[in-house]
Every structure is written in structure tokens, then in C-alpha cells.
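Trainee: sequence unknown, structure follows:
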Ligand code: 3HC
């Protein structure tokens, strides 16, 4: 496959001190860093890590929902779910394109995922057991994703911030469709209401963990916030999310599974119980309930796509040869 990654000036070609001062000034003035701008190696590396992990999450995140396309309870629900899964594929593609502008070809980023060297979001290592899980994933998982990703529309790297604008619009539709699935179930029979409650019980904790480890255990946050890649810390976003979902859950007539959840007048926020961080770290190390299955499916899909990549490369070669002949 062709690699259309921009050539960046070599470090020896630039006056590093002046380039660093220019970069710092852009960050201070809240302007965007663009692909051809000089940037510190560590900034490039951290963004490549975050954006590619984000892309991998979108792609792996298609699996739990794709699993329900054939079992959706109506044609309308099926069409909506197909559209949502396709949206996630699109998000992955925008994000791989944004990541590539930092200089690492997409094939290499993808290989890091296939080799198990790159992470993807912990949440996608949990199974989707019932139709109600489609509701809980839409409401809680896409809801947490929006809370985390709206500030990324103002992240300091231009291509990432622009990709996030469209992604967030689509995620907000996803969240509403999830809430609507749960609302419909909550208005149904006692069994359907219980299904919705069970799904919330399963996804509440893992959705809160999507924001990452507590600030004190987040090695990347401080520098990422100084570079304005991240605008809020993991704990700040988690708190905002809890404050948002409590009244939404009340409107559903359902409960969040946390006995410590209560309004704190002094703080002006909801207090909530400690999450199971041992479980979180085990999941991101590959020991969650579905890690092995998710990676096996991804590798299988990649292998099944080999003929498409070969055909696209052969077509590109043919086009290039025809263009050469035309010029000659
Ligand atoms: N799952 C897996 N790994 C996680 C994680 C999670 N929920 N939270 C943190 N980690 C990893 C980090 O990647 C980092 O690993 P590394 O240094 O080995 O690469 C390590 O744990 C330490 O965490 P930090 O807080 O220091 O890491 P960050 O500063 O990168 O913050 C983040 C983590 C908040 C997830 C940040 O990377 C981020 O905002 N990323 C962009 C959004 C994103 O990737 N979301 C994933 C979900 S996408 C999605 O949900 C799709 C949708 O359609 C539902």
C-alpha cells in the first residue's frame, strides 16, 4: 500500500530553540499545531499513542454491537444499529488519518494493535449479553465517550481536533438511541425493565473506568494537559459524567448500582463509590472477559481483508503506470 505521509523537516534543519519557542507560543495562545509545524518529539509520540489508541477503540468497539445486528428486535432497530456500527468504522478511519499526519503510517499503527502492543479502550472487553446492553452501551459508553471527547474538539493538534467535531455529533446521536432503547424497555413488562436494570448494573462501573485511572495514577495527564492535548483530567471528566447521568437515570426510572452515590451540597457534585481499579488494570493488561476474543476477531477480519488490500495496491500500481505512459 502507498504511504502518503508528509515528509517532516529533519531536526538538524531547524533551529530547535526558535522552533520550541514558536511551538510554546502557539500552545499558549490556544492555537492549533498543524502537521507541517515543528513539534517536540514527545508531543508527537504522545499524540500518536493517544490518537491511534482512540482509532483502535473505535474499530474494536464495533464488535460488541455488531454481535446484536442479526438479533435486533425489529427492522427499524436493526437499521439503526447497522448505521451506528458503520459510524464507529468511520470514526476509526478519520482517526487513523489524523494519526498518520504525525508521521507513522497506518499499516504500522494497525500492526501495533494486531501484535498486542497498542491498547484500546477497556470497555470493549466486556460482553454484550442481552438486547438491553445495546441500550446501556449507547447511553453509558457513548455517553462517557462524548464527555471525554467534546473537549478534544479543542485539543491542540489540528487534525485530531477537526476529526473530533464530526465524531462528537455522531456520538451524541448514539447516546440518544441508547437512552431510548432503555426507556422503551423501562416502560415495558417487569422482565423488560429488569433487563434494562441488569444492563446498567453491568456497564456502569466499566463506563466510569473509560476515563482512565485516577489522576494520581495517570502518568500522562500532567504533560498532556500542559500541551492542551487533554483539557480536563480523568477524574474531572468522570465527575462531570456522574453528575450528568444521575438525573438521566432517574428519568428512566432505573437505578445506578452504587450505594455510595449521593449529592454533596458542599461540593456541588455527586459523591460516588470507589471503582474496582484492580479489575481495570487487569483488563488493560489483556485479562478482561473478552480481550482474547476481540483480538482473535480483529486478526481474522484483517486476514480476510488481505485480498482487498492486494486489489487496491494492484489498482494503484496500474493507475500510476497508466499516468506514466500518458506523460511519456
Ligand atoms: N482503556 C484502556 N487503556 C486506558 C484507559 C482505558 N479506559 N484509560 C487509560 N488507559 C491507558 C492509557 O492509554 C495509558 O496507557 P499507555 O501510557 O501505556 O499508552 C495508561 O492507561 C495510563 O493512563 P493515562 O491517564 O496516563 O493516559 P492518557 O493521558 O492517555 O488518558 C484517556 C487516557 C483519557 C483514555 C485518553 O487517552 C483519551 O482521552 N483518549 C481519547 C479518547 C479515547 O481513546 N477513547 C476511547 C473510547 S472510544 C469510544 O468509546 C468509541 C465510541 O464509539 C464509544
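Mentor: Great, that's in hand. Being a predicted model, the structure only gives us computed values, none of them experimental.
Trainee: which residue is the nearest non-sequential neighbour of residue 53?
Mentor: The shortest distance from residue 53 to any non-neighbouring residue, by CB to CB, 6 or more residues apart in numbering, is to residue 119 (5.1 Å). C-betas here are computed from N, CA, C, even on glycine.
Trainee: enumerate every residue touching the residue nearest the centre of the chain.
Mentor: By CA atoms, centre = their mean, the chain has its centre lying nearest to residue 54, at 4.2 Å. By CB atoms under 8 Å, 6 or more residues apart in numbering, the contact list for residue 54 reads residue 95.
Trainee: which SSE is it in?
Mentor: helix 41-60 (DSSP states H and E).
Trainee: tell me the buried residues in that helix?
Mentor: 43-44, 46-60 (16 or more other CB atoms under 10 Å).
Trainee: could you pull up the mean pLDDT of it?
Mentor: Averaging pLDDT along helix 41-60 yields 98.
Trainee: re the thing from before, restrict the buried residues of helix 41-60 to those near the ligand?
Mentor: Here is what survives when these are matched to the ligand using CB under 6 Å from any ligand atom: 49, 50, 53, 54, 57, 58.
Trainee: next up, the contacts around the first one.
Mentor: Under the criterion of CB under 8 Å, 6+ apart, the contact partners of residue 49 comprise residue 118.
Trainee: the strands in this protein, which residues?
Mentor: Applying DSSP state E to the chain gives strands spanning 262-264, 269-271.
Trainee: which one of those strands lies nearest to residue 129?
Mentor: strand 269-271 (27.4 Å; CB to CB).
Trainee: buried stuff in stretch 129-142?
Mentor: 130-142.
Trainee: chain center to that stretch, what's the gap?
Mentor: Relative to the chain's own centre, stretch 129-142 is displaced by 16 Å; criterion: CA atoms, centre = their mean, to the nearest Å.
Trainee: ditto for stretch 52-63
Mentor: That offset, for stretch 52-63, works out to 6 Å (CA atoms, centre = their mean).
Trainee: and if you look at stretch 251-261?
Mentor: 25 Å.
Trainee: the stretch 151-300 of the chain against the ligand: which residues are in contact?
Mentor: So far as CB under 6 Å from any ligand atom goes, the stretch 151-300 of the chain lies against the ligand at 171, 209-213, 218-221, 224, 230, 234, 284.
Trainee: filter the buried residues of stretch 129-142 down to the ones close to the ligand.
Mentor: 141, 142.
Trainee: closest to residue 276 among the buried residues of stretch 129-142?
Mentor: residue 140 (16.0 Å).
Trainee: dump the residue contacts of the residue nearest to the closest one when sequence neighbours are not counted.
Mentor: Spatially, and ignoring its direct neighbours in sequence, residue 140 is nearest to residue 207 (3.9 Å; CB to CB, 6+ apart). If a contact means CB under 8 Å, 6+ apart, then residue 207 has 123, 140, 141, 143, 144, 241 as its contacts.
Trainee: residue boundaries of the helices in this structure?
Mentor: Secondary structure of the chain, counting by DSSP state H: helices at 16-28, 41-60, 62-66, 75-100, 106-114, 132-136, 142-149, 158-186, 190-209, 221-226, 234-252, 277-282, 291-304, 306-327.
Trainee: between the ones you listed, which gets nearest to residue 258?
Mentor: helix 190-209 (7.0 Å).
Trainee: give the buried residues for the closest one.
Mentor: For helix 190-209, burial by neighbour count (16+ other CB under 10 Å) applies to 193, 195-200, 202-209.
Trainee: coming back round to it: so what's the residue nearest to residue 53 up against?
Mentor: So residue 119 contacts 53, 56, 284 (CB under 8 Å, 6+ apart).
Trainee: residue 122 is in contact with the first one, correct?
Mentor: What it means is residue 53. No - here residue 53 lies out of contact with residue 122, judged by CB atoms under 8 Å, at a distance of 11.0 Å.
Trainee: need the overlap of contacts for the two.
Mentor: With CB under 8 Å, 6+ apart as the test, residue 53 and residue 122 reach no residue in common.
Trainee: follow-up on the earlier one: save the strands of the chain as CSV, and put in mean pLDDT, mean neighbour count and distance to residue 249 too.
Mentor: Output for the strands of the chain, formatted as CSV (pLDDT from 0 to 100; neighbours: other CB atoms under 10 Å; distance: least, CB to CB, whole Å):
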stretch, mean pLDDT, mean neighbour count, distance to residue 249
strand 262-264, 98, 11, 13
strand 269-271, 98, 15, 11
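Trainee: which one of those strands lies nearest to residue 23?
Mentor: Short answer: strand 269-271, nearest of those by CB to CB, at 35.5 Å.
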